[in-house]
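**Q** coords please:
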Amino acid sequence: MKLQSIILGGVLALGLGTISASADDVQYSGPKGVTLYSFPGYSGRQVLLTRDTPKLKKLGFANNAMSMKVSGGRWEVCSGNQYNGACEVFGPGQYTFGIFNWGNKIKSVRRLRPGTPTITLFARENMKGKKHTYAASMPRIKDYATNDFANSITVKGGEWVLCENSDGKGKCEAVNRDIPNLQAIGLASAISSLYRAGEWNNGSDLDGGGYGGGGYGNGYDNGRYGGGRYDNRPPQITLFEGYNFSGPRITIDRETTSLMNVGFSNRAGSVRINSGTWELCDGSGFSKTCRIVERDQNNLGNIGLDNLVTSLRPVRDGYRDGGRTGGSPGGNTRGFEGQRTVFFGEPTLRGEPVATCVYSNSQCGKAAADAFCRESRLGRSVYFDQARSYRTPYMIGERRITRRAGQQRLIDVLCQR
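**A** Numbers count the residues shown, from 1 in each chain. Have a look, this model is predicted:
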């Protein structure tokens, strides 16, 4: 699949109309916040939210909302705890949900921070008609809105990937500007999924024009959103207190077991990956929840680490004190090399088979295959499979051999060069 890069000259004026999407197009004045109701028509049990609420379950209201009133600001509602899963942005207005959109699906709610990049899809050309606004990727729009409804878009920051099929499949286009008629890019009434730049991972065709190849990466910031190529610079990361790389900052170039020592513990709202790939954790000494990050994150809340990062370290073997130690990356045997890919029939690290999860029961499947390819100083994985391991496999994220019997291992991993 080729991903075409659409860079439109000029920014069209955004006509700010009334709230649509599933809204009733009625402005609501009341306490500033979000009121959720257990029945349609703003009746039944209700709960007023005036601050970020990562778990509605604690209020006894998870998966209960069938209607909603928003008064003041823009709010993001999500289908998962901690603002995970599918999320949509709602402005002031009244909204009645059905079972085919947000009815009984909301588990967390938070106020959208100023400056957060968003994309709005409109049902009609020239930014008219009902609309849906997103600040996060939506792999399956049809689960929360009418499928293929969009005919125009506005982009408020960032780059986005629009695809004609769910899960980022089919024809996809990269956009960073308003488009008054989606027919111009062949996606009128055809958008079934959308992704923030850096999160779409299905454009891995082998002719160099897919995501991570020459087509998309070269169109945006010299490949900032490319396929995770090996970078021989010493690892370096910059943490920012605010979202969108704003506010006080600190740059780190080595393993740091506690950010408390430098006065930046639990403060980061966004990060820039200057070089290398990094592991960020919400506990000292790389404990509790950890995430492997290889690209800039303008909002760490999107990976569950907003104001939580306490320790961090570069994750590629071969880096020590800002230099390369030499030897084969991660101690794995080189695979069969093609012109654009490298194939590993039995991937190993430190002489052991590779586990199918980066961490215990977390970031499994393709995430583990991508991590293995990074360890091998290659691009993303194009294909992988898995099988029962004949011995305890090596877990990349935890840098250790697993201790449980019957673990799965990666096999037949194909990495982009």
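**Q** low-confidence regions, the protein specifically.
**A** Low-confidence segments of the chain (pLDDT under 70): 1-31, 99-100, 201-233, 316-335, 390, 402-406.
**Q** show me how it divides into domains.
**A** Domain assignment for the chain, taken from automatic domain parsing, gives 3-196, 236-319, 329-416.
**Q** as a markdown table, those domains with mean neighbour count would be great.
**A** Any C-beta I mention is one placed from the backbone N, CA and C, and that applies to glycine too. Putting these into a markdown table (neighbours: other C-beta atoms under 10 Å) gives the following:
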| stretch | mean neighbour count |
| --- | --- |
| domain 3-196 | 18 |
| domain 236-319 | 19 |
| domain 329-416 | 19 |
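**Q** quick one: the helices in the stretch 201-350 of the chain, in order.
**A** Counting by DSSP state H, counting those that start in this stretch, the stretch 201-350 of the chain has helices at residues 214-217.
**Q** pretty sure residue 255 contacts residue 313?
**A** Yes - the pair residue 255 / residue 313 is scored as a contact, 3.9 Å apart, by C-beta atoms under 8 Å.
**Q** distance of residue 234 from residue 114?
**A** Look at residue 234 and residue 114: by C-beta to C-beta, to the nearest Å, they are 34 Å apart.
**Q** what does residue 143 give?
**A** From residue 143 across to residue 114, the span is 28 Å (C-beta to C-beta).
**Q** so residue 187 sits right up against residue 162, yeah?
**A** Yes - counting by C-beta under 8 Å, residue 187 does reach residue 162; the two are 5.7 Å apart.
**Q** what do the two both touch?
**A** residue 173 (C-beta atoms under 8 Å, 6 or more residues apart in numbering).
**Q** what residue is smack in the middle of this structure?
**A** Closest to where the C-alpha atoms of the chain average out (C-alpha atoms, centre = their mean) is residue 199, at 4.9 Å.
**Q** name the helix or strand for that residue, please.
**A** For residue 199, there is no helix or strand it lies in under DSSP states H and E.
**Q** how much space separates the nearest residue to it once chain neighbours are set aside from residue 82?
**A** Excluding its sequence neighbours, the residue lying closest to residue 199 (C-beta to C-beta, 6 or more residues apart in numbering) is residue 137, at 4.9 Å. According to C-beta to C-beta, residue 137 and residue 82 sit 16 Å apart.
**Q** elements contacting the longest helix along the chain?
**A** Scanning the chain for the helix with the most residues, using DSSP state H, yields helix 366-375. In terms of contacts (3 or more C-beta pairs under 8 Å, 6 or more residues apart in numbering; DSSP states H and E), helix 366-375 is packed against strand 357-359, strand 381-388, strand 408-416.
**Q** format those as CSV; extra columns: distance to residue 365.
**A** Supplementary listing: the helices and strands packed on helix 366-375 in CSV, determined by distance: least, C-beta to C-beta, whole Å:
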stretch, distance to residue 365
strand 357-359, 8
strand 381-388, 8
strand 408-416, 9
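**Q** out of those, nearest to residue 348?
**A** Among the helices and strands packed on helix 366-375, strand 408-416 comes nearest to residue 348, with 9.3 Å by C-beta to C-beta.
**Q** what helices and strands are in contact with that closest one?
**A** On a contact count with 3+ C-beta pairs under 8 Å, 6+ apart, strand 408-416 meets strand 341-344, helix 366-375, strand 381-388.
**Q** I'd like to know which of these is closest to residue 64.
**A** Residue 64 lies closest to helix 366-375 among these, at 31.9 Å (C-beta to C-beta).
**Q** before we move on, what SS does the nearest residue in space to residue 200 that is not next to it in sequence have?
**A** Closest residue to residue 200 apart from its sequence neighbours, by C-beta to C-beta, 6+ apart: residue 161 at 4.2 Å. Following DSSP: H, G, I helix; E, B strand; the rest coil, residue 161 is assigned to strand.
**Q** surely residue 161 touches residue 173?
**A** Yes - at 7.2 Å, residue 161 and residue 173 qualify as touching, with contact defined as C-beta under 8 Å.
**Q** which parts of the stretch 1-150 of the chain are strands?
**A** Per DSSP state E, counting those that start in this stretch, the stretch 1-150 of the chain carries strands over the ranges 3-6, 33-39, 43-49, 67-71, 75-78, 87-90, 93-96, 108-111, 118-124, 128-134.
**Q** let me have those in TSV, extended by distance to residue 152.
**A** Below are the strands of the stretch 1-150 of the chain laid out as TSV (distance: least, C-beta to C-beta, whole Å):
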stretch	distance to residue 152
strand 3-6	13
strand 33-39	27
strand 43-49	31
strand 67-71	23
strand 75-78	22
strand 87-90	17
strand 93-96	20
strand 108-111	27
strand 118-124	5
strand 128-134	7
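**Q** for residue 242, find the nearest of those strands.
**A** Closest of those to residue 242 is strand 108-111, at 14.6 Å (criterion: C-beta to C-beta).
**Q** what is that closest one packed up against?
**A** Applying 3+ C-beta pairs under 8 Å, 6+ apart, we find strand 108-111 packed against strand 75-78.
**Q** run the chain-centre distance for the strand it packs on.
**A** Distance of strand 75-78 from the chain centroid (C-alpha atoms, centre = their mean, to the nearest Å) equals 15 Å.
**Q** same question for stretch 240-253.
**A** A distance of 19 Å separates the centroid of the chain from that of stretch 240-253, by C-alpha atoms, centre = their mean.
**Q** neighbouring contacts of it?
**A** Here stretch 240-253 makes contact (C-beta under 8 Å, 6+ apart) with 113, 115-117, 157, 234-239, 262, 264, 267-272, 274, 296, 298-299, 312, 322.
**Q** cutoff 7 Å now
**A** By C-beta atoms under 7 Å, 6 or more residues apart in numbering, the residues outside stretch 240-253 that reach it are 113, 115-116, 234-239, 262, 264, 267-272, 298-299, 312, 322.
**Q** which ones among the residues you listed lie within strands?
**A** Among the contacts of stretch 240-253, the ones falling in strands (DSSP state E) are 236-239, 270-272, 312.
**Q** which one of those is nearest to residue 107?
**A** Within the ones in strands among the contacts of stretch 240-253, the smallest distance to residue 107 is 24.0 Å, found for residue 270 (C-beta to C-beta).
**Q** and the closest one, what does it touch?
**A** Residue 270 is in contact with 240, 242-245, 297-300, counting by C-beta under 7 Å, 6+ apart.
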